[in-house]
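> Next one to model:
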Amino acid sequence: MTDGDRWLLALDTATNTIVVGGGTVDGVLLADDTFEGRYRHSQELLPALERLLGRAGLRLAALSGVIVGTGPGAFTGLRVGLATAKTLAHELGVPVVGVPTSEALLAGVDGVNRLWLPSGARDRLRVARGAPPEIVHGDAAVDDDDIAVDLDGRAPDAALARGRVAVAALPGSLLRIGAARLAAGESDDPERLVPAYAVPPRGAPSTDSEGGVAWSRDPR
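Have a look, this model is predicted:
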């Protein structure tokens, strides 16, 4: 890329894997970095972004928009990703777009319609393509042909392998979905862009009184 080329940044901290990607304004992935967060999302995210900029020759001054995964995911990781994305968008004067991480994970594996994520130590979060997430209590059965992310020892090997493929594809999936929204003139109000928690923190409001999942955008 030349110095004058505009580009998009994609971030996701909803899973155990930190995702940073840079791509063209039409959603083509140019460079990415995905690595185990080790519960150190706040310490690892910005250095990962700096490495990406240096490796791909990207300049923050040429950034055209920020795409951020909104979960469902863990409380601390999601807050780090959303706060970083909002801060960058505000400081650089560019739009921010929130994309459900679950939607992007499903988009990364063709022909699979159901995704499973952890919801605490025992429960699971089930997301069917095109449907809202729902918490399933106890040891629900994960099928071999599902996608399972961050559920080692709690899902079949085939579903876990498919989950690794979905996570590896996450930078590109986020970019494609977010770039399409930006190209259509859509963006999110940073004040109303909130994470979807797989396990809502104590006292957090939820729009789903049964499942306890807080949605990614303020419904007001």
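> pLDDT below threshold where in this protein?
The model of the chain has pLDDT under 70 over residues 1-4, 38-41, 200-220.
> where along it do the helices fall?
Shown for the chain, the helices assigned by DSSP state H span residues 41-56, 75-92, 101-107, 157-168, 170-183.
> Give me the residue at the spatial middle of the chain.
Gly69 (2.7 Å; Cα atoms, centre = their mean).
> Tell me who's in contact with that residue.
10-14, 19, 81, 98-101, 104, 170, 174 (Cβ atoms under 8 Å, 6 or more residues apart in numbering). Glycine gets a C-beta too; all of them are placed from N, C-alpha and C.
> wait, which of the helices of the chain is closest to Leu29?
helix 170-183 (4.2 Å; Cβ to Cβ).
> now the contacts of Gly69 in TSV, with neighbour count?
Converted to TSV, the contacts of Gly69 look like this (neighbours: other Cβ atoms under 10 Å):
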residue	neighbour count
Ala10	31
Leu11	25
Asp12	31
Thr13	31
Ala14	33
Val19	28
Gly81	27
Gly98	26
Val99	24
Pro100	22
Thr101	34
Ala104	28
Leu170	26
Leu174	33
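> so what's the residue nearest to the centre of the chain bridging to?
For Gly69, the beta-bridge partners are Val99 (DSSP bridges).
> What separation do you get for it and Thr101?
Here the criterion is Cβ to Cβ, to the nearest Å. By it, Gly69 lies 4 Å from Thr101.
> Could you do Arg79 as well?
14 Å.
> repeat for Gly54
26 Å.
> and if you look at Gly37?
13 Å.
> shared neighbours, these two?
Thr15.
> one step back: what sits in contact with each of Gly69 and Thr101?
Contacts common to Gly69 and Thr101, judged by Cβ under 8 Å, 6+ apart, are Asp12, Ala14, Leu170.
> so the second one touches Phe75, yeah?
No - using Cβ atoms under 8 Å, Ala14 is not in contact with Phe75; the gap is 10.5 Å.
> Return every residue with contacts to both of these two.
Pro195.
> Walk me through the domains of the chain.
As assigned by automatic domain parsing, the chain contains the domains 7-104+167-192, 111-165.
> Any idea which of those domains gets closest to Val199?
The nearest among the domains of the chain, by Cβ to Cβ, is domain 111-165 at 4.8 Å.
> Gly153: neighbour count?
Residues near Gly153, counting by other Cβ atoms under 10 Å, number 5.
> Now it, what are its backbone angles?
phi 80, psi 0 (degrees, to the nearest 10).
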